[in-house]
Structures are given as C-alpha cells and as structure tokens.
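sequence unavailable; structure follows:
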C-alpha cells in the first residue's frame, strides 16, 4: 500500500526533472554541429570570399630569384695570354737542319732549339732568351725558312695572365687585389686582379680591360678561354632572365618586383646595373638577395608602379 511519504518522494523527483547527465548527453550532437558551423564553416566561407577578392586584382607572372648562391661575384669571360714570349726567328734565309723543341717541354734561357743551314753552308743556331715552356713549333727538319719566320716559341709560364673585358660601371667597382676564381681547361684555380686599365680616350662608356694573375702550376696556354668570377665587396650580381627587364622612362633599365609574401603584393620598380650577359639573361646589381620578379608575359598586362597585384603564374 502506498503511503503519504512515498507519494511525497515521487513528487519531489518529478519536480526535479531528469538527471543532468542525460541532458548533457542529448545535447552533445547539437554542440558539435554548432562548433563545425562556427569554425569550419567560417573557414570554408572565408576561403570563398578570399578567392573572390583575389580575382579583383590584376594577375602577373613572376619568377623567383635567389642571390645567395651567387655571392658577391662578377662573372666574366676571359682569354689566357702571356706577357713574355720568345719567338725564335730565322736571322737569314735557310733550311732547318734540326729542331730540338718539343711542345710543352721545359727549357732554360740559352738553350738551342733550332739549327739552320744557310745557302753558303754555314750553320745558324737559334737560342731562346727565356726560360719557360715550348709553346709552339713552326718548322721541322728540311723546312725552308725565310728571314724573320719563326721556328719555335717559348713562353715564360710565370707571366701568364687572363684578360677580361669589364663594362664601364663594373670597372668602377673592381679593384686591383680582388680575388678572381678561374676555370681554365676544366681546372679551377684562384688569381688576383692585377690592374684595371683606364677607359679609352674620348670613350668613357666603353668597356675596360682587367688583367688577372694566374697561379703557379696553372697548366694554361695562351689562347685558351677562361671562365672568370671576380670577388668584390662592392657589387652583388644576381642572374635574371631576359624577359624580366624593362626600360623605365625615369629609372632606366629596371625590373619590377612584387613586394610581400602572400598571393597579393605591390609592384615596385627597381633600377638595375647590367653587369654581364649570359645566353639566358643578365647578371645585374641593385636587387635584393631574394624576391619575386615580374616576367613580361603576353597573357598578363604589364603592371604599373605601386599597383596591387596577385600572383597569376610562377615560371
């Protein structure tokens, strides 16, 4: 039989309602939906809005540059030559009787390298005035030589240099004593800039010649080509493709760079100094070590200085 006490207890439980754990458990799915819409939904909608906003800006094609690998070096093409060469020439008409010269052989000053026999039967000895290396043999026994024609040549290998032409602006920053990295006949070596000659009279904008000393044991011969990189603290050459260069009416030869890190940026035109040419572009000075350069592309209209643009293509 139900008593009054039992009735009061049941009534109190009904008034308190169901336990809180039951309420929380039933609400969890709804909380998850709200969370997803609040955060993930906002991100999704935000991406659509950002993408739509990007489309309002003109697009440009860019190429990334990185000058770290170049260091502060001026790339050039040079030619190996010798300052002291002895050409053993016939002092009279005659026939070569003997040739002791062998290309590449080391000789001392005073060595007899060729013997001629004149028409009267007398012998003429051709001696080298230099110590060095036989660089050329122009005759062989039995050959007829006229007066003044060479039989052989000797090069003083300690006088070997590399000559390279500098542009007028580059010549202003290259100094005697600058280190030069050389590649001659696939051999790498280091030399020093010995002299930079002044410009030709009346032609201040013409190229100027630099002479670079070669180290001992270089193995080079006159006439060989040399790859040259002159190290200087006054210039930082960065390689850029041909189609990044533009002629600005006020700034001259320039490139346009997209300032910023994201998909949007602002165009800034930077004047540059053309340092050296390659088959793919130019080494220029005046750029930051890294950045995004605008490429002249027919698919994109050329931007103007200060314009906000988006990256449309990376080359």
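Okay, I see it. Note that this is a predicted model, so its numbers are computed, not measured.

strand partners of the helix or strand hosting residue 265, parallel vs antiparallel please.
Here residue 265 sits within strand 264-271, counting by DSSP states H and E. For strand 264-271, the paired strands and their directions (DSSP bridges) are strand 252-259 (antiparallel), strand 308-314 (antiparallel).

what's the most buried one of these?
Greatest average neighbour count among the strands paired with strand 264-271 goes to strand 252-259 (a mean of 19), per mean count of other CB atoms under 10 Å. The C-beta positions use only the backbone N, C-alpha and C, and glycine is treated the same way.

off-centre distance for that one?
18 Å (CA atoms, centre = their mean, to the nearest Å).

who's in contact with it?
Residues from elsewhere that reach strand 252-259 (CB atoms under 8 Å, 6 or more residues apart in numbering): 60, 62, 240, 244-248, 265-274, 284, 287-288, 291-294, 303, 305, 309, 311.

related to what we said a few turns ago, in TSV: the strands paired with strand 264-271, plus distance to residue 126 and mean pLDDT.
Output for those, formatted as TSV (distance: least, CB to CB, whole Å; pLDDT from 0 to 100):
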stretch	distance to residue 126	mean pLDDT
strand 252-259	55	91
strand 308-314	66	90
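
tabulate those in CSV, adding columns for distance to residue 191.
Shown next, in CSV, are those (distance: least, CB to CB, whole Å):
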stretch, distance to residue 191
strand 252-259, 31
strand 308-314, 39
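
of all the ones you listed, which one is nearest residue 202?
Of all these, strand 252-259 sits nearest to residue 202, with 23.2 Å by CB to CB.

before we move on, back to that, list only buried entries from the contacts of strand 252-259.
60, 62, 240, 244-245, 265, 267-270, 272-274, 284, 287, 291-294, 303, 309, 311 (16 or more other CB atoms under 10 Å).

helix, strand or coil for residue 79?
At residue 79 the chain is in strand, as set by DSSP: H, G, I helix; E, B strand; the rest coil.

ok, it - how many residues close by?
By other CB atoms under 10 Å, the residues close to residue 79 number 15.

and it, what's its pLDDT?
As predicted, residue 79 sits at a pLDDT of 93.

wait, doesn't it sit right on residue 162?
Yes - between residue 79 and residue 162 there is a contact under CB atoms under 8 Å: 6.8 Å.

need the overlap of contacts for the two.
By the contact definition CB under 8 Å, 6+ apart, residue 79 and residue 162 are jointly contacted by residue 226.

all helices of the stretch 101-250 of the chain, in order?
168-171 (DSSP state H, counting those that start in this stretch).

which residue ranges form the strands in it?
106-107, 112-117, 123-127, 132-137, 144-145, 150-155, 160-166, 179-184, 187-196, 208-213, 225-231, 238-241, 245-248 (DSSP state E, counting those that start in this stretch).

what's the last one in contact with?
This means strand 245-248. Contacts of strand 245-248 (CB under 8 Å, 6+ apart): 253-256, 269, 271-272, 282, 296, 302.

of all these, which comes closest to residue 101?
Using CB to CB, residue 282 comes nearest to residue 101 of these, at 45.2 Å.

follow-up on the earlier one: show me the contact partners of the strand holding residue 265.
Residues outside strand 264-271 that contact it (CB under 8 Å, 6+ apart): 54, 57, 60, 246, 248, 251-260, 286-287, 292, 294, 303-311.

just stretch 193-206 next, same as before
Contact partners of stretch 193-206, identified using CB under 8 Å, 6+ apart, comprise 161, 166, 168, 171, 174-180, 208-213, 230.

beta partners for residue 164?
So, taking DSSP bridges as the rule, residue 164 has residue 78, residue 210 as bridge partners.

for the remainder of this discussion, apply numbering that starts at 11.
Happy to do that; since the first residue is 11 now, the last one works out to residue 174.

neighbours of it, how many?
Residue 174 sits with 27 neighbouring residues when counted by other CB under 10 Å.

my guess is it meets residue 220, correct?
Yes - with contact defined as CB under 8 Å, residue 174 reaches residue 220; the gap is 5.3 Å.

coming back round to it: next secondary structure after the strand holding residue 275?
Proceeding C-terminally, strand 274-281 gives way to strand 283-287 as the next helix or strand, assigned by DSSP H and E.

so how far is that next one from its chain's centroid?
A distance of 11 Å separates the centroid of the chain from that of strand 283-287, by CA atoms, centre = their mean.

repeat that for stretch 92-103.
Worked out by CA atoms, centre = their mean, stretch 92-103 lies 41 Å from the chain centre.

what does it rub up against?
111, 123-124, 126, 128-129, 134, 136-140, 142, 145, 154-167, 169-171, 232.

are any of those residues buried, and which?
The neighbour-count test (16+ other CB under 10 Å) marks 111, 123-124, 126, 136, 138, 140, 142, 145, 155, 160-167, 170-171, 232 as buried among the contacts of stretch 92-103.
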